[in-house]
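Participant: pasting the sequence and the predicted model now:
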Amino acid sequence: MRVLLIGKGGREHAIAWKISQSKLLTKLYLWPGNPGMKTLGELFPVSPSADFASLIAAAKQNHIDMVVSGPEAPLSEGLADAFAAAGIPTFGPVQAVAQLESSKAFAKAIMTKAKIPTAAFKVVHSEDECRAEALAMLSASGGVVLKASGLAAGKGVFVCRNADEVTAGIERLYHSDMKAAATDVVIEEVLHGRECSYFCFLGKAGPLSLGFAVDYKRLNDGDQGPNTGGMGCYAPVPWLPEGAAARVQAEVIEPLLKALKNEGLTYQGCLYVGLMWSPTKGPQVVEFNVRLGDPEAQVLALHDDRDWLGWMAASCGLTGGVQRPEGQSDRQRQLTGKPAAVVVVMAAASYPYGNDAGTVATLPESLFASNPDASVVTFAANVATKTDGVITTSTGRVLTVGARGANFVEARALAYAQVEQLAKIWAGSRWRGDIALAVET
Ligand code: AMP
Ligand code: GLY
């Protein structure tokens, strides 16, 4: 198969790492890709700012069999629809389905129709209505969550415990750069429990579970500091009750697929279910995303030994030698001896506040050349090529260092040993020191 992978972050590096290990692969193109991924595929010779029409023309010329989209933005702009019209399937949903992420109002409406467990909510259309409803919900239950309905790069959610926090949230929603995402605002009750996420591949091959992961969203140790895109992850999630995946399948995935079908829609791609796991009620859906997470993709890539390209191809209904691969069961995975995976994000010191790359470090390209059996893998996101063979750190989240081991203690030790080595050559880096610490209970 000739595959075109869209995206350029740590998530896409992890997806490329998995795809490149598949026996089904003939050629992997990366668009736009990043210099750390270059050992896994070829940078697609199309400008990073090209439109869908130019991308499709180049895909046809290069005989692409399937497109895989890492990020949600192109999907919400209709990437999968455009490629489908040109006869090339995409692993990633069409625009109407991608609204599950791009419109929280749409996602909540579908959840209501499908009777999927989620927070009680109301959609409001003006600042005055928002204030009145939010204060009413706050006084009824002691808390309220305000969410911009549109895509807001993870910055459009405010969990409020008092009237001052409601005022501050409303100010941001209606009077900042997220105004466009906040034409509709979802107001919902506060859910209680422990957060985790569930991932599965959906499509013509049926649901294929990748299992659960836990992300650390706050910048600093002990869940302090501002929200980020994610500072580290672990998988699997040992504190979930037995049968957790089967419950999510029965209570969330199956009803969702049925409700989409009633609207004439089918899901082809990866579904990310953000959950609050309540000790009494079990899974409550916080959000849907139409992609893998970042850094959840990195941790799942290390945790999951199965052939992702085979799964993706089967989900897209591709035949002619492409078969649905045998899924490796959890038991078989235990036999590989490395069931616990941990990833730690290394970011520029200014993250998440700005675009200052700070002290730039140079890294050898060989850092990113890892074999499929490696216990420690470094994934690249915001890096640049200095000269051939030399890569420099840039801004934001730069590297994800991942490791797998017999248990979390071993995986953590391996990951942090690599982080500390890298910190010696990159003085301007920041990372959390408590990823996957004490997760067994
Ligand atoms: P979202 O973008 O919808 O995932 O929300 C971002 C974060 O806000 C989530 O990861 C949760 O930590 C928190 N959050 C969102 N909705 C709720 C809710 N209804 N109750 C409690 N926390 C929430
Ligand atoms: N790490 C959270 C996300 O990818 O949305």
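Facilitator: On my side now, so go ahead. Numbering: from 1, shown residues only. Ligands and ions are numbered 1, 2, ... in the order given.

Participant: what does this protein put close to ligand 2?
Facilitator: Proximity of the chain to ligand 2 is confined to 215, 229, 230, 289, 293, 294, 296 under the rule Cβ under 6 Å from any ligand atom. In this view, the C-beta of every residue, glycine as well, is placed from N, C-alpha and C.

Participant: bridging residues for the one residue in the stretch 301-441 of the chain that gets nearest to ligand 2?
Facilitator: Checking the stretch 301-441 of the chain residue by residue against ligand 2 with Cβ to the nearest ligand atom singles out residue 345 as nearest, at 9.4 Å. With DSSP bridges applied, the residues forming beta bridges to residue 345 are residue 400.

Participant: so who does residue 174 touch?
Facilitator: Taking Cβ atoms under 8 Å, 6 or more residues apart in numbering, we find residue 174 in contact with 127, 130, 182.

Participant: just give me the least confident of the residues you listed.
Facilitator: By predicted confidence (pLDDT), the lowest-ranked of these is residue 182, with 85.

Participant: and the gap between that one and ligand 2?
Facilitator: In this structure, residue 182 lies at 19 Å from ligand 2, with Cβ to the nearest ligand atom, to the nearest Å as the measure.

Participant: so what's the residue count around that residue?
Facilitator: 24 (other Cβ atoms under 10 Å).

Participant: go on, the one 5 residues further on?
Facilitator: Neighbours of residue 187 under the rule other Cβ under 10 Å: 24.

Participant: that one touches residue 125, doesn't it?
Facilitator: No: if you go by Cβ atoms under 8 Å, residue 187 and residue 125 don't touch, sitting 11.4 Å apart.

Participant: wait, does stretch 147-161 contact ligand 1?
Facilitator: Yes: Stretch 147-161 lies within reach of ligand 1 by Cβ under 6 Å from any ligand atom, at 147, 157, 159.

Participant: most surrounded residue in the residues you listed?
Facilitator: Most crowded among these, counting by other Cβ under 10 Å, is residue 147 at 27 neighbours.

Participant: could you look up the SS state of that residue?
Facilitator: For residue 147, the reduced secondary structure class is strand; criterion used: DSSP: H, G, I helix; E, B strand; the rest coil.

Participant: where does pLDDT dip in the stretch 51-200 of the chain?
Facilitator: When the per-residue scores of the stretch 51-200 of the chain are filtered using pLDDT under 70, no range remains.

Participant: need the strands for it, in chain order.
Facilitator: 66-69, 90-91, 121-124, 144-148, 157-160, 185-188, 194-202 (DSSP state E, counting those that start in this stretch).

Participant: closest to residue 22 out of these?
Facilitator: Nearest to residue 22 among these is strand 66-69 (11.6 Å), distances taken as Cβ to Cβ.

Participant: which residues touch that closest one?
Facilitator: With Cβ under 8 Å, 6+ apart as the contact definition, strand 66-69 has outside contacts at 1-7, 15, 19, 59, 75, 79-80, 83, 88-92, 269, 291, 312-313, 316, 318.

Participant: C-alpha coordinates for that strand, CSV please?
Facilitator: Presented in CSV, the C-alpha positions along strand 66-69 are these (Å, rounded to 0.1, in the frame of the first residue of the first chain):
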residue,chain,number,x,y,z
MET,A,66,-5.2,5.5,1.4
VAL,A,67,-4.9,8.8,3.3
VAL,A,68,-4.5,8.8,7.1
SER,A,69,-5.3,12.1,8.9
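
Participant: chain center to it: distance?
Facilitator: Here the centre of mass of C-alpha atoms in strand 66-69, compared against the chain's by Cα atoms, centre = their mean, to the nearest Å, lies 16 Å away.

Participant: point out the ones among the contacts of residue 174 that are inside helices.
Facilitator: Secondary structure assignment by DSSP state H places 127, 130 of the contacts of residue 174 in helices.

Participant: so which of the contacts of residue 174 reach ligand 1?
Facilitator: Of the contacts of residue 174, not one also sits near ligand 1 (Cβ under 6 Å from any ligand atom).

Participant: restricted to buried residues, select the contacts of strand 66-69 in PyMOL.
Facilitator: This is the PyMOL syntax for the buried subset of these, where burial follows 16 or more other Cβ atoms under 10 Å:
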select buried, resi 1+3+4+5+6+7+15+19+59+75+79+80+83+88+89+90+91+92+269+291+312+313+316+318
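
Participant: near ligand 1, from the contacts of strand 66-69?
Facilitator: Of the entries in the contacts of strand 66-69, none also sits close to ligand 1 under the rule Cβ under 6 Å from any ligand atom.

Participant: which neighbouring elements make contact with the one helix or strand residue 17 maps to?
Facilitator: In this assignment (DSSP states H and E), residue 17 forms part of helix 10-19. Taking 3 or more Cβ pairs under 8 Å, 6 or more residues apart in numbering; DSSP states H and E as contact, the helices and strands that helix 10-19 lies on are strand 2-7, strand 27-32, helix 296-303, helix 308-315, strand 376-380, strand 397-405.

Participant: so which of those is the most packed in?
Facilitator: Most buried of those by mean neighbour count (mean count of other Cβ atoms under 10 Å) is helix 296-303; its value is a mean of 29.

Participant: ok and that helix relative to strand 376-380, angle-wise?
Facilitator: 150 degrees (axes from the mean of the first three to the mean of the last three Cα atoms, to 10 degrees).

Participant: pLDDT of helix 296-303, averaged?
Facilitator: 96.

Participant: quick one: contacts of stretch 45-54?
Facilitator: With Cβ under 8 Å, 6+ apart as the contact definition, stretch 45-54 has outside contacts at 8, 31, 32, 55, 58, 77, 78, 79, 82, 83.

Participant: grab the nearest non-local neighbour of the second one.
Facilitator: Using Cβ to Cβ, 6 or more residues apart in numbering and skipping the chain neighbours, the partner closest in space to residue 31 is residue 44 (3.9 Å).

Participant: return the residues in contact with that neighbour.
Facilitator: Residues near residue 44 by Cβ under 8 Å, 6+ apart: 4, 29, 30, 31, 32, 33, 58, 62.

Participant: okay, those residues in TSV with distance to residue 306 next?
Facilitator: Compiled in TSV, these are given as follows (distance: Cβ to Cβ, whole Å):
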residue	distance to residue 306
4	22
29	23
30	22
31	25
32	27
33	24
58	30
62	27
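
Participant: which of those lies closest to ligand 1?
Facilitator: Nearest member of these to ligand 1, counting by Cβ to the nearest ligand atom, is residue 32, at 25.9 Å.

Participant: contact partners for the closest one?
Facilitator: Contacts of residue 32 were listed using Cβ under 8 Å, 6+ apart, and they are 8, 43, 44, 48.

Participant: and residue 413, by the same measure?
Facilitator: Residues in contact with residue 413, defined by Cβ under 8 Å, 6+ apart, are residue 405.

Participant: thinking again about what came up before, out of the helices and strands packed on helix 10-19, which gets nearest to residue 428?
Facilitator: Relative to residue 428, the nearest member of the helices and strands packed on helix 10-19 by Cβ to Cβ is strand 397-405, separated by 9.6 Å.
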